[in-house]
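J.: got a structure for you, letters missing:
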């Protein structure tokens, strides 16, 4: 991330400064592990509702935003955060996950 941020001289694809997370969860929410799909969706909605944007909210308007998540289980987490960003004016939201939980059935 440090190298990518340093190389971003044109700001064509702006990056958050290293260590300066743009979405921060300051309130604890229930865990979604070992829950039904319906419960995972409810937990994801609660999680998205408590996120706070730490930058200028004007940065969201018309922006293309890349959400990075460590593990993809049901997709509910990315979906609810993306919906919230879309409601705040983001033009496009993409998701990047590092691992996928195997399908259970």
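T.: Ah, there it is. What you see is a predicted model; the values in this text were computed from it and never measured.
J.: give the buried residues for stretch 70-78.
T.: Within stretch 70-78, the residues scored as buried using 16 or more other Cβ atoms under 10 Å are 72-78. Every residue, glycine included, has its C-beta placed from N, CA and C.
J.: among those residues, which are in helices?
T.: Using DSSP state H, 76-78 are the members of the buried residues of stretch 70-78 that sit in helices.
J.: could I get these as CSV with distance to residue 95 and pLDDT?
T.: Formatted as CSV, these follow (distance: Cβ to Cβ, whole Å; pLDDT from 0 to 100):
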residue, distance to residue 95, pLDDT
76, 12, 89
77, 9, 89
78, 4, 91
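J.: pick the one among the residues you listed closest to residue 100.
T.: For those, the minimum distance to residue 100 (Cβ to Cβ) is 11.9 Å, reached by residue 78.
J.: phi, psi of the closest residue to the closest one other than its chain neighbours?
T.: Distance criterion Cβ to Cβ, 6 or more residues apart in numbering; nearest residue to residue 78, sequence neighbours excluded, is residue 95 at 4.4 Å. Main-chain dihedrals, residue 95, degrees, to the nearest 10: phi -120, psi 140.
J.: can you pull the contacts of residue 95?
T.: 66-69, 72, 78, 82 (Cβ atoms under 8 Å, 6 or more residues apart in numbering).
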